[in-house]
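Q: I'd like to go over a predicted model; first the sequence, then the structure.
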Amino acid sequence: MSLIRLVGPNTVFPGAAFTLEVWLDAPSDLGAFELDLTFDPRLLEAGGATLGRLLASTGRDAGALGPLVDNRGGTLGFGGYSTGSEAGAAASGVLGRATFRALRPGAARIEVRGPLVVDTRGTLVATTAQGALVTVEGPKPVEPPKKHVYLPYARK
């Protein structure tokens, strides 16, 4: 059984952009995938998603599906497919990367919903998923202004 898991920062500040990597562990002859990431739109805003290198890692041609971003409903859908005569990936790796921006403090749970993974013959692969928890901390600390000391230039 394959596992889709999200890897990214544990803590961010409001206004910060961050990226989650979408990993697939224990694939077998990977041909394509599709999934939705769900999140609280009061805490996060999705920016988009890009395809990782796993689909093309064995020499197959890979293409992206989406992304479809719904920041009102709190979903980011994307996927990828591959073509070619080579076998599909059989080692763990990054399926894609999803970008978000933190909006306000809180515990932001990002879940993987409806993951579909198929092999190069189009056969559905049993897959489980593991989401991520990103804590958006209070206002970003303000750094005090840097003080500059200017010394007179003395010439001899």
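A: Nice, thanks for sending it over.
Q: Which strands and helices lie in contact with the lengthiest strand in the chain?
A: Across the chain, the strand with the greatest residue count (assigned by DSSP state E) is strand 106-119. Contacts defined by 3 or more C-beta pairs under 8 Å, 6 or more residues apart in numbering; DSSP states H and E place strand 106-119 against strand 2-7, strand 17-25, strand 30-38, strand 127-130, strand 132-136. Glycine gets a C-beta too; all of them are placed from N, C-alpha and C.
Q: mind running it again at 10 Å?
A: Counting by 3 or more C-beta pairs under 10 Å, 6 or more residues apart in numbering; DSSP states H and E, the packing neighbours recorded for strand 106-119 are strand 2-7, strand 17-25, strand 30-38, strand 44-51, strand 75-83, strand 93-102, strand 127-130, strand 132-136.
Q: buried sites along the first one?
A: By neighbour count on 16 or more other C-beta atoms under 10 Å, the buried set for strand 2-7 is 2, 3, 4, 5, 6.
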